[in-house]
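Trainee: what's the 3D shape of this:
(one chain, ligands or ions: 2)
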Amino acid sequence: MQNILVTGGAGFIGSNFIRYLLEHEPTVRVINLDALTYAGSLANLQDLPSPERHIFVQGDICDANTVGELFRNHAIDTVAHFAAESHVDRSILGPGQFVQTNIVGTFNLLEAARQAWLVEKRVDPQTARFHHVSTDEVFGTLHPNDPPFDENTAYSPRSPYSASKAASDHLVRAYNHTYGLPVTLTNCTNNYGPYQFPEKLIPLMILNALEGKPLPVYGDGMQVRDWLYVEDHCEAIHLVIKRGIVGETYAVGGNNQPPNLEIVNTICEVMDEYLPKSAHSPHASLIKYVQDRPGHDRRYAMNISRIQSELGWQPRQNLQSGLARTVRWYLDHPEWVSAIRGREDFQTWMNNNYTQRGHKK
Ligand code: NAD
Ligand code: TYD
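Mentor: Residues are numbered from 1 along each chain as shown. Ligands and ions are numbered 1, 2, ... in the order given. Below is the predicted model of the structure:
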């Protein structure tokens, strides 16, 4: 791994991954291609270790010329593909961009990698690697007593987001089977941690609680997600790129599967502890049940035994320690928070997604 193209590196997980990579790979050069959509921000890339080894390029993964040029100009030997439209609620209100970025964009990157590595042989295909970052949501939803998902679970996506990610996973595998492109995949559960855009459950709850705004719990709040601290995810991806078997998929998760309501209550308890004098304490009094998400998947859970036994990976944070770190990070970064929250597109999104939901109870 000498010249790694990270797509979506100004987003939540991508920026954490770049930070992780620059710390753990002392000679790697990172070429970060990001369109800076509403979800991307250069503020996520401040304070990088060894910033001289990071090159930022603003551009769209759907633009074949931009992507082809990066492969030619930077001798890219590794791709870590994060760029995507990533929010389920946005995919319900506007699915078109999900098809474009997640499917067409991934196709475009695969074509550029195939051209550079297999046709023009600009780097040795034996050492090149295309790593695709995907989600557990491609597997659909679980009933309460179903066993967790694993690498062999059949795909059954149920939202435009998960359907578009499923399509991209299939394309990545097809490029391996058909052309021999050296790929690996990870399907990971819900991430949380520093730099997450506050449209997602955990940062939304932290920031609303801080301002004394309602904490909007969808439906009965008993939906279950498996939560992984973002740095643990970055470590797993790094390990799979270095030691994973070409053509293979690794299921990644946190072994933390509480219902949403428990997550929200835990956040409130941590906030009560950190901000004992807040006028909004106890923060749990801000919880409001609101109209559910259409087609809301009830439960996700992941069996992570393959990556544990084959690559020796383990999540380092449990939910309590990870949430405490995360709340602390948001409290300690008011400039980041106000820059993101002040953006017009964020306010518009909050109005679009929440105003019509009303209160359920
Ligand atoms: P994010 O929404 O925070 O960031 C996405 C980034 O991609 C942004 O910086 C955005 O500007 C960029 N981007 C979007 N469209 C682009 C385009 N056409 N060209 C170039 N850049 C573009 O997302 P995230 O939460 O960091 O997720 C990253 C990846 O991890 C996604 O592929 C997502 O499906 C996957 N994933 C996320 C989670 C999670 O819980 N967040 C869990 C599992 C897998
Ligand atoms: P989210 O963070 O959007 O991730 P995903 O839909 O990809 O799992 O949502 C996590 C869970 O929290 C999901 O069950 C929906 C729920 N949720 C709420 O109850 N209220 C909210 O305001 C949001 C954004 C999510």
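Trainee: contacts for the longest helix seen in the chain next, please.
Mentor: Using DSSP state H to define each element, the chain has its longest helix at helix 160-179. The list of residues contacting helix 160-179 from outside it, by C-beta atoms under 8 Å, 6 or more residues apart in numbering, reads 84-88, 90-92, 95, 98-99, 101-103, 106-107, 110, 113-114, 118, 130, 132, 134-135, 137-138, 140, 155, 157, 181-183, 185, 187, 246-247, 297. Where you see a C-beta, it was placed from the backbone N, CA and C, and this is true even at glycine.
Trainee: just the ones in helices from those, please.
Mentor: With helices defined by DSSP H, the entries of the contacts of helix 160-179 inside them are 88, 90-92, 98, 106-107, 110, 113.
Trainee: isn't residue 336 up against residue 43?
Mentor: Yes. With contact defined as C-beta atoms under 8 Å, residue 336 and residue 43 form a contacting pair (5.5 Å).
Trainee: of the two, who's got more company?
Mentor: Of the pair residue 336 and residue 43, residue 336 is the one with more neighbours under other C-beta atoms under 10 Å, namely 17 against 14.
Trainee: so where does that one fall, helix or strand?
Mentor: Under DSSP states H and E, the secondary-structure element containing residue 336 is helix 334-341.
Trainee: show me which positions of that helix end up buried.
Mentor: By neighbour count on 16 or more other C-beta atoms under 10 Å, the buried set for helix 334-341 is 336-337, 340.
Trainee: try stretch 318-337
Mentor: Of the residues in stretch 318-337, 319, 322-327, 329-330, 336-337 count as buried by neighbour count, 16+ other C-beta under 10 Å.
Trainee: same deal with stretch 25-37?
Mentor: By neighbour count, and taking 16+ other C-beta under 10 Å as the criterion, the buried residues in stretch 25-37 are 25, 28-35, 37.
Trainee: and the contacts of that stretch?
Mentor: Contacting residues not belonging to stretch 25-37 are listed as 1-11, 14, 18, 21-22, 40, 42, 45, 53-61, 66-67, 70, 74, 76, 83, 85, 238 [C-beta under 8 Å, 6+ apart].
Trainee: which bits of the stretch 151-300 of the chain sit near ligand 1?
Mentor: Near ligand 1, the residues belonging to the stretch 151-300 of the chain are 165, 188, 190-191, 197 when assessed by C-beta under 6 Å from any ligand atom.
Trainee: looking at the buried residues of stretch 25-37, spot the one nearest ligand 2.
Mentor: Out of these, the one with the shortest distance to ligand 2 is residue 37. That distance is 16.5 Å, counting by C-beta to the nearest ligand atom.
Trainee: ok, which stretches of this protein are strands?
Mentor: 3-7, 29-34, 54-58, 78-81, 129-135, 183-188, 190-192, 215-218, 227-229, 249-252, 287-290 (DSSP state E).
Trainee: can I get the ones you listed in TSV with mean pLDDT and distance to ligand 2?
Mentor: Formatted as TSV, the entries for the strands of the chain read as follows, by pLDDT from 0 to 100; distance: least, C-beta to the nearest ligand atom, whole Å:
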stretch	mean pLDDT	distance to ligand 2
strand 3-7	99	19
strand 29-34	98	20
strand 54-58	98	26
strand 78-81	99	18
strand 129-135	99	7
strand 183-188	99	11
strand 190-192	98	5
strand 215-218	98	3
strand 227-229	98	9
strand 249-252	98	15
strand 287-290	97	7
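Trainee: can you list those in CSV and add distance to residue 352?
Mentor: Formatted as CSV, those follow (distance: least, C-beta to C-beta, whole Å):
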stretch, distance to residue 352
strand 3-7, 27
strand 29-34, 24
strand 54-58, 26
strand 78-81, 28
strand 129-135, 23
strand 183-188, 27
strand 190-192, 22
strand 215-218, 13
strand 227-229, 26
strand 249-252, 31
strand 287-290, 14
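Trainee: compare those and give me the one nearest residue 310.
Mentor: The stretch from the strands of the chain with the least distance to residue 310 (C-beta to C-beta) is strand 249-252; that distance is 8.0 Å.
Trainee: quick one: the closest one to chain centroid distance?
Mentor: Between the mean C-alpha point of strand 249-252 and the mean C-alpha point of its chain there is a distance of 14 Å (C-alpha atoms, centre = their mean, to the nearest Å).
Trainee: what's the domain layout of this protein?
Mentor: 3-189+227-252, 201-223+258-295+319-355 (automatic domain parsing).
Trainee: quick revisit: which residues sit against the helix holding residue 336?
Mentor: The set of residues external to helix 334-341 that reach it, using C-beta under 8 Å, 6+ apart, is 41, 43, 195, 197-198, 207, 330, 346-347.
Trainee: for the closest residue to ligand 1 within the stretch 1-150 of the chain, give me its contacts.
Mentor: Proximity to ligand 1, evaluated over the stretch 1-150 of the chain using C-beta to the nearest ligand atom, is greatest for residue 11 at 2.1 Å. For residue 11, the contact set (C-beta under 8 Å, 6+ apart) comprises 34, 39-40, 44, 82-83, 86, 197.
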